[in-house]
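Q: What follows is a protein structure lacking sequence information:
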């Protein structure tokens, strides 16, 4: 059995043993059996198994139904796998040095795939890919395309509004706040909210000494995190709460406002507050 088939078999075994979440239509094992090249080149031990599985499924999705969205997702997934396997490759194995070699090979494969995907999408007119090329490579032509989409009102999704806010963040804090609020307005009932929105709003208000608003959005982020409706990291509100109370602010009223926003956002009914 040649080296590629051995590596593919080892990868399939690893994914199967560690219980990956397979799709009903075609699971990872079936994809690897039918399209071995989709599963070749990865590290063959248990590290980064989720990242490997996600890439294989997305490669198959791109084969079945090619799209710019799939290409963007593959870029993000390969970045995640590259970072994971790079970290894993730093771990020495006293008895099994070949495991480290396998991880290095996986890292190099990810770098090659990222370069090829980037080359193939560099001139894409898709707004998501345009932003990717500006944010990763400072591609000015890609930025021009992205900002043209803004002028044409073609960035009307929460994700694209977050990208737009990332661009304006360092040059226009008021516009950035409005963009982030609009992103929340675009979410529908049942959507998972991008937790960076709450963190960014709180940080922006803090930078302008608007501590009441900063608290509202930080608290709101905590509420969504508690309900698992966002991927937001934990936030410590104790110091801000203490400072507000010391200045005579009724924190409970701010929390009532946040709770009202929470219900509206969760139900897909949020409207930015009038200021």
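A: Here it is on my side, so go on. Just so you know, these numbers come straight off a predicted model, no measurement behind them. Numbering: from 1, shown residues only.

Q: check contacts around residue 73.
A: Residues in contact with residue 73 (Cβ atoms under 8 Å, 6 or more residues apart in numbering) are residue 58. Where you see a C-beta, it was placed from the backbone N, CA and C, and this is true even at glycine.

Q: ok, now residue 110?
A: 78, 81, 82, 85.

Q: Residue 105 now?
A: Residue 105 makes contacts with 41, 43, as judged by Cβ under 8 Å, 6+ apart.

Q: Quick check: it vs residue 29, distance?
A: Counting by Cβ to Cβ, to the nearest Å, the gap from residue 105 to residue 29 is 22 Å.

Q: for residue 193, same thing?
A: Separation of residue 193 from residue 29 (Cβ to Cβ): 34 Å.

Q: If you count surrounding residues, which of these two has more?
A: residue 193 (22 against 17; other Cβ atoms under 10 Å).

Q: What residue, apart from its backbone neighbours, is nearest residue 272 spatially?
A: Distances taken as Cβ to Cβ, 6 or more residues apart in numbering put residue 181 closest to residue 272, at 3.9 Å, once the chain neighbours are dropped.

Q: What is the burial count for the one you found?
A: 19.

Q: Could you look up the SS state of it?
A: helix (DSSP: H, G, I helix; E, B strand; the rest coil).

Q: In contact with it, which residues?
A: Residue 181 touches 201, 272, 273, counting by Cβ under 8 Å, 6+ apart.

Q: Quick one: which of these has the lowest pLDDT value?
A: Here the lowest pLDDT out of these sits on residue 273, with 89.

Q: Give me the neighbour count for residue 206.
A: 16.

Q: what does residue 138 give?
A: Neighbour tally, residue 138, other Cβ under 10 Å: 9.

Q: do you know how far it is from residue 247?
A: Plainly put, residue 138 is 42 Å away from residue 247 if you go by Cβ to Cβ.

Q: Now do residue 128 against residue 143, distance only.
A: 13 Å.

Q: ok, the two, which is more surrounded?
A: The neighbour comparison of residue 128 against residue 143 (other Cβ under 10 Å) goes to residue 128, with 22 against 16.

Q: which SS class is the more buried one?
A: Put simply, residue 128 is helix when judged by three-state DSSP.

Q: Can you give me the buried ones in stretch 77-90?
A: 77, 78, 80, 81, 82, 84, 85, 86, 88, 89 (16 or more other Cβ atoms under 10 Å).

Q: again, but for stretch 239-253
A: Buried-residue list, stretch 239-253, by 16+ other Cβ under 10 Å: 240, 241, 244, 251.

Q: With stretch 136-154 instead?
A: 139, 142, 143, 145, 146, 147, 149, 150.

Q: repeat for stretch 220-227
A: 220, 221, 222, 223, 224, 225.

Q: which of the residues you listed lies closest to residue 54?
A: Closest approach to residue 54 among the buried residues of stretch 220-227 (Cβ to Cβ): residue 225, at 23.1 Å.

Q: May I ask you to confirm that that closest one is in contact with residue 193?
A: No. Shown here, residue 225 and residue 193 do not form a contact pair, counting by Cβ atoms under 8 Å, at 9.8 Å.

Q: mind checking how far the residue nearest to the spatial centre of the chain is from residue 186?
A: Nearest to the geometric centre of the chain sits residue 76, at 7.6 Å (Cα atoms, centre = their mean). Plainly put, residue 76 is 20 Å away from residue 186 if you go by Cβ to Cβ.

Q: same thing with residue 203?
A: Residue 203 is 21 Å from residue 186, by Cβ to Cβ.

Q: What of residue 57?
A: Taking Cβ to Cβ, one finds residue 57 at 27 Å from residue 186.

Q: Pick out whichever of these two has more residues nearby.
A: residue 57 (22 against 16).

Q: Quick one: classify that one as helix, strand or coil.
A: Residue 57 is classified as helix under three-state DSSP.

Q: wait, doesn't it sit right on residue 28?
A: Yes. Residue 57 is within contact range of residue 28, at 6.7 Å (criterion: Cβ under 8 Å).

Q: pLDDT weak spots in the stretch 101-250 of the chain?
A: The stretch 101-250 of the chain contains residues with pLDDT under 70 at 228-235.
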